[in-house]
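Participant: Have a look at this fold, sequence not included:
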């Protein structure tokens with residue numbers, strides 16, 4: 001006799017449901033976050049002393065000229081009308097014009113945004129590979145000479161801010177000891193970073209040195225915990241080769257918290273590049289933000305801050321999803 005059984009969902013379908021719920025929940029929170037950031041940024045720039053009309057025309061401009069420009073820039077409207085004009089322009093692809101250069105905000109920011117994205121991606125990728133590799137080697141050589149030396153070096157590097165590392169590299173590789181790399185990363189207007197990759201070496205090296213220590217320490221701690229776990233001990237008792245124990249049993253469960261740190265490093269780089277780009281005169285979004293604040297270029301400030309906030313939201317979602325997919329234990333728990 002055949003017993004009818006209810007149809008069951010596949011394992012892949014069951015695993016996809018928590019991921020879909022996670023993405024939907026994080027997207028909703030992210031949209032709310034971006035809305036609140038837009039309100040805060042708009043109000044913060046509006047309460048700055050003076051206004052955009054004076055920033056463009058100068059303090060000696062006549063009142064009629066100032067008033068005429070205020071009408072053009074919609075500064076004579078109420079605060080809610082000004083916010084709606086600005087946010088609706090952003091949503092329709094019209095973020096306004098730069099007050100300092102007169103160029104469209106997107107045309108001014110776009111090449112700098114791409115340059116910064118290249119810098120962040122290259123730095124984050126190299127930093128992740130180096131940090132994970134050093135952390136795994138230190139865990140496999142626990143209490144050995146490599147573990148002790150790397151721990152001391154990492155602890156020393158953790159205390160150094162970005163500008164100190166940048167200046168030290170300039171002195172070492174550009175000015176005093178060796179003269180093998182350019183001290184500044186100047187690019188022609190509108191050019192992109194990949195056209196002269198040698199200009200990326202010092203900024204990337206600076207940021208890699210800054211982000212690797214924390215990643216290495218996290219990977220080492222996670223790997224040590226995984227290697228001391230019961231399932232690794234059981235695999236060794238069954239005679240599983242050591243390379244398989246490390247790559248198949250220990251590494252997948254040690255990588256999840258490290259993925260979270262990698263995501264945090266990318267988020268840190270989005271803000272940390274401001275100082276590094278200013279030191280090396282690298283034409284990226286960080287340098288553009290510094291110039292915009294100096295020139296009181298409000299449309300550029302508002303647009304860059306919102307772009308950085310959107311990057312934070314997207315990276316948080318990607319980090320959570322990848323960490324969930326990377327660890328079977330967490331995936332089953334969810």
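Facilitator: Looks like it arrived, so ask away. Keep in mind the model is a prediction, meaning the values are calculated, not measured.
Participant: before we move on, which element is residue 184 in?
Facilitator: Using DSSP states H and E, residue 184 falls within no helix or strand.
Participant: Can you give me the distance of it to residue 274?
Facilitator: Applying C-beta to C-beta, to the nearest Å, the value for residue 184 to residue 274 is 16 Å. To be clear about C-beta, it is placed using only N, CA and C from the backbone, and glycine gets the same treatment.
Participant: which regions of this structure sit below the pLDDT cut-off?
Facilitator: Under the criterion pLDDT under 70, the flagged ranges of the chain are 1-18, 46-62, 65-67, 69-78, 189-190, 326-334.
Participant: need the helices for the chain, in chain order.
Facilitator: For the chain, the helices defined by DSSP state H occupy 11-46, 52-57, 63-72, 79-91, 105-140, 145-158, 162-170, 201-227, 230-237, 242-244, 251-280, 285-295, 298-326, 328-333.
Participant: Mean neighbour count and distance to residue 179 for these - can I get that in a markdown table?
Facilitator: Shown next, in a markdown table, are the helices of the chain (neighbours: other C-beta atoms under 10 Å; distance: least, C-beta to C-beta, whole Å):
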| stretch | mean neighbour count | distance to residue 179 |
| --- | --- | --- |
| helix 11-46 | 13 | 43 |
| helix 52-57 | 18 | 41 |
| helix 63-72 | 12 | 49 |
| helix 79-91 | 13 | 46 |
| helix 105-140 | 20 | 23 |
| helix 145-158 | 14 | 25 |
| helix 162-170 | 17 | 11 |
| helix 201-227 | 22 | 13 |
| helix 230-237 | 13 | 50 |
| helix 242-244 | 10 | 44 |
| helix 251-280 | 21 | 16 |
| helix 285-295 | 20 | 24 |
| helix 298-326 | 19 | 34 |
| helix 328-333 | 12 | 50 |
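Participant: May I see those arranged in CSV, with distance to residue 194 as well?
Facilitator: CSV is the format used below for those (distance: least, C-beta to C-beta, whole Å):
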stretch, distance to residue 194
helix 11-46, 30
helix 52-57, 34
helix 63-72, 39
helix 79-91, 28
helix 105-140, 6
helix 145-158, 28
helix 162-170, 21
helix 201-227, 12
helix 230-237, 42
helix 242-244, 37
helix 251-280, 16
helix 285-295, 16
helix 298-326, 20
helix 328-333, 37
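Participant: closest to residue 188 out of those helices?
Facilitator: Residue 188 lies closest, by C-beta to C-beta, to one member of the helices of the chain: helix 105-140, at 10.3 Å.
Participant: if we can go back for a sec, quick one, which of the helices of the chain is nearest to residue 195?
Facilitator: The minimum distance between residue 195 and the helices of the chain falls on helix 105-140, with 10.2 Å, by C-beta to C-beta.
Participant: tell me the angle that closest one makes with helix 201-227.
Facilitator: Interaxial angle of helix 105-140 relative to helix 201-227 (axes from the mean of the first three to the mean of the last three C-alpha atoms, to 10 degrees): 40 degrees.
Participant: If you compare the directions of helix 105-140 and helix 285-295, what angle comes out?
Facilitator: 130 degrees.
Participant: Tell me which other helices or strands helix 105-140 touches.
Facilitator: Packing partners of helix 105-140 (3 or more C-beta pairs under 8 Å, 6 or more residues apart in numbering; DSSP states H and E): helix 145-158, helix 201-227, helix 251-280, helix 285-295, helix 298-326.
Participant: I'd like those laid out as CSV, including distance to residue 27.
Facilitator: Shown next, in CSV, are those (distance: least, C-beta to C-beta, whole Å):
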stretch, distance to residue 27
helix 145-158, 34
helix 201-227, 27
helix 251-280, 16
helix 285-295, 24
helix 298-326, 7
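Participant: between the ones you listed, which gets nearest to residue 114?
Facilitator: Comparing these by C-beta to C-beta, helix 285-295 comes nearest, at 9.1 Å.
Participant: Fine by me, thanks again.
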